[in-house]
Each structure stands twice: as structure tokens, then as C-alpha cells.
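Enquirer: turn this into a model:
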Amino acid sequence: MVEIDIRYEGGLHTGARHGPSAATLETDAPRDNEGRGEAFSPTDLLATALGSCMLTVMGIVARRHEWPLEGATAHVEKHMVADPVRRVGRLVVRFEMPSGISEEARKVLERTAHTCPVKESLHPDTRVETTFHWSS
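Expert: Here you go, the predicted model:
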């Protein structure tokens, strides 16, 4: 179990504190939903969590096999929908992957990314599109 404490600061801002590490972060409502967009929005954190989770689980598998994953990056696009309710409708994740990883290992890592806990926790109507670009 992990505990996170969140406080509404007013002006559509929140502050959160991660119990185990005491790390903090702030959120703001996005400009298209009455906010100032001065920090990650809650749905931005969802998109961030997806990309971070996918890279992390790939990192776990890569470390076990001693595959060089350092330098891999994820770029996530978050697309909102309003019908029937405002929510994240689509997440597009583009990975830039390092060289030095075999074709067989690439398949394992891609499969691993698709089973990360955040992706598995998303509503089934949330489309997740992923592409991997492997350096030679």
C-alpha cells in the first residue's frame, strides 16, 4: 500500500505528497477546462503515468536480461473526448529505442510495454496506440 496526500490549494490547483518518499507535485486545471495550465493536469498525469510505466516495466525486463535500454524515451499525446463525458479518449505513445537490442529482445520488450499496470488499469474505451522506433 502507498499513501498519497492531496490538498486543494484553490484556483483549481492541488498539491500532492508521496508518502514513502515525501516527493511533491502540483496540478492545475488545463486551459481548456477553466484552468491556467501552469502545471500537469490530473489527466496529464495519467498520460505521464502510462509512458513512465511502460518504460519502467521494459526497464525491469531489460535489466534482468542485461539488455541496454538506457536512453529509451517515450512521447505521449493525450487526446480528450467530451461525449458522453469529458475523459481521456486516446493516448498515443511513441517510443525511441536504443540500438544494441536483438530482434527477439525487441519483441519481448514491446510485449512487456503493453502489459504495464497503468495500461491494464485504463478503461477499455480508452484507446492506446503505440509505436516503437528502434535505432540500428
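Enquirer: hmm, who's touching whatever helix or strand residue 128 lives in?
Expert: Using DSSP states H and E, residue 128 maps to strand 127-134. By C-beta atoms under 8 Å, 6 or more residues apart in numbering, the list of residues contacting strand 127-134 from outside reads 50, 54, 89-97, 99, 101, 106, 110, 113-114, 119, 122. Any C-beta I mention is one placed from the backbone N, CA and C, and that applies to glycine too.
Enquirer: what of stretch 16-26?
Expert: Counting by C-beta under 8 Å, 6+ apart, the neighbours of stretch 16-26 from elsewhere in the structure are 2-7, 9, 13-15, 27, 39-40, 45.
Enquirer: same check on stretch 52-69?
Expert: Where contact means C-beta under 8 Å, 6+ apart, the residues beyond stretch 52-69 that reach it are 72-74, 93, 95, 97-98, 100-101, 105, 108-109, 112-119, 130.
Enquirer: show me how far the helix or strand where residue 105 lies is from its chain's centre.
Expert: Here residue 105, judged by DSSP H and E, is contained in helix 103-113. The chain centroid and the centroid of helix 103-113 are separated by 18 Å under C-alpha atoms, centre = their mean, to the nearest Å.
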